[in-house]
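Chemist: sharing a sequence plus its predicted fold:
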Amino acid sequence: QVRLVESGGGLVQAGGSLRLSCAASGLTFGTTTVGWFRQAPGKEREFVGTMSRSGSRTFYADSVKGRFTISRDNGKNTLYLQMNSLKPDDTAIYYCAADHTYSYFLTRENEYSYWGQGTQVSVSS
């Protein structure tokens with residue numbers, strides 16, 4: 001059974017930082033392209049960023065480029081999202097996702113087979 005479990009969310013002041021983790025099990029993590037999405041209250045879920053299987057390539061949404069960094073440790077079956085210079089607009093539930101594919105990047109929800117349950121990030125002004 002595939003499981004993706006996010007952690008690390010919380011409440012932070014604007015300008016602060018958080019690091020989210022996503023622990024994967026039940027799949028060969030190193031053969032998956034991974035991504036982060038978020039869903040703010042009253043809005044649709046949106047793409048944040050994606051990383052290739054080896055971790056050599058990343059692609060981010062314009063709204064987070066330069067502030068957020070995705071990394072992965074395939075030996076630990078874990079994906080990370082480092083979030084710096086947080087803004088109130090970053091408040092959302094953050095989800096990790098994974099899929100077995102040879103594509104470097106996956107930017108649409110329907111391209112992912114596996115999802116975590118989400119972790120809440122709240123940024124106060």
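Modeler: Here it is on my side, so go on. Numbering: from 1, shown residues only.
Chemist: where does Asp99 fall, secondary structure wise?
Modeler: strand 92-100 (DSSP states H and E).
Chemist: any idea of the mean pLDDT for the next helix or strand after that strand?
Modeler: Per DSSP H and E, the first helix or strand lying C-terminal to strand 92-100 is strand 114-115. For strand 114-115, mean pLDDT is 98.
Chemist: how far away from the center of its chain is strand 114-115?
Modeler: Centroid separation between strand 114-115 and its chain, computed with Cα atoms, centre = their mean, to the nearest Å, is 11 Å.
Chemist: just checking, what packs against it?
Modeler: Helices and strands touching strand 114-115, by 3 or more Cβ pairs under 8 Å, 6 or more residues apart in numbering; DSSP states H and E, are strand 92-100. Just so you know, the C-beta spots here come from the backbone N, C-alpha and C atoms, and that holds for glycine as well.
Chemist: quick check: Arg53 vs Ser21, distance?
Modeler: In this view, Arg53 and Ser21 are 18 Å apart by Cβ to Cβ, to the nearest Å.
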